Every structure is written in structure tokens, then in C-alpha cells.
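**Student:** Turn this into a structure:
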Amino acid sequence: MAGEKLPGVLILDIGGTHGVLEDIAALLKKHFCLITMKEFLENKREMSKKIQSIFVFECRPTINQELLESLPNLKVIGNSGVGVDHLDLKMIASFGVKVTNTPHAVADSTADMGMALMLASARRLVEGNVFN
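**Tutor:** Sure, this is the predicted structure:
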């Protein structure tokens, strides 16, 4: 099976309230064998050897020492966001694992929203919208 030859990536889940979005999961499937946290926990012995990366989406799954100790082939943690404040970088580095993130992924959207909020505030748009 082709999926078996791809490196494994640990994700919390696909879809739902906290899972990776379906579109992102489809993209990940092109390059990785997706392993959900449920699958990992049901068969730690076999799955732990396959996982070479973790994809953190909306700060999940939580990266702690216990998880890192159970993944002997882990090489990289990819964070799908700008900041990495929710990750203990020193602890992760002590396992020889690299951390990546997407610092410019939402820069334009954030700037647009900031400008919109400043203009709305300066022009009292919200107040004017409810004025009869």
C-alpha cells in the first residue's frame, strides 16, 4: 500500500470541533500517512514507530514530555499558526525535534481586519449602523 511508505504524521482528528479541516487533511494525505490521536492511543507500539512528524492545528494535540518520549522517530512538529507560545521549545529541542510554523500565513488577513476595526472605530460605524 502506498500510504505505508509515506512518513506518518500525528494529528488530533479530521474534522469535528478540534480536528484538522478536511481540505488540510486532503493536502496532508498527499505527503503523509495520517494517524489520528485515537489510532495512536489504540495501538501505541506499532504507531509510535511510524510517526515522524506531528501536525499541530489550533494548539492540538498537546505536546508534552510523555508524548515525545513515546515517539522515537519523531523529527519535526509543524504548527499551523503564527506563534509557538503554546509549545515548550526547550523541551522539544531536548528530544532533537525541530519546530516549524507559518509566520506569514495570516499576515494579510490580520492587517485587513486591523484596518477595518480602526476605520470602524474612527468613523463610529457600529454606532451609526444601529442609529435610527
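**Student:** Under the pLDDT cut-off, which ranges of the protein? List them.
**Tutor:** Along the chain, the model assigns pLDDT under 70 to residues 1-4, 132.
**Student:** cutoff 80 now
**Tutor:** Counting by pLDDT under 80, the ranges of the chain that qualify are 1-4, 81-82, 103-107, 128-132.
**Student:** the domain parsing of it - what is it?
**Tutor:** Listed domain ranges for the chain are 8-101, 105-131 (source: the TED database).
**Student:** Could you work out the end-to-end span of the first one for me?
**Tutor:** Spelled out, that is domain 8-101. End-to-end distance for domain 8-101, by C-alpha to C-alpha, to the nearest Å: 18 Å.
**Student:** follow-up on the earlier one: kindly present the domains of the chain as a markdown table, with separate columns for mean neighbour count.
**Tutor:** Any C-beta I mention is one placed from the backbone N, CA and C, and that applies to glycine too. As requested, those are exported to a markdown table (neighbours: other C-beta atoms under 10 Å):
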| stretch | mean neighbour count |
| --- | --- |
| domain 8-101 | 15 |
| domain 105-131 | 10 |
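**Student:** Over to residue 78: give its phi and psi.
**Tutor:** Backbone torsions of residue 78, given as degrees, to the nearest 10, read phi -100, psi 120.
**Student:** For it, which residues are in contact?
**Tutor:** Contacts for residue 78 (C-beta atoms under 8 Å, 6 or more residues apart in numbering) come out as 9, 53-56, 100-101.
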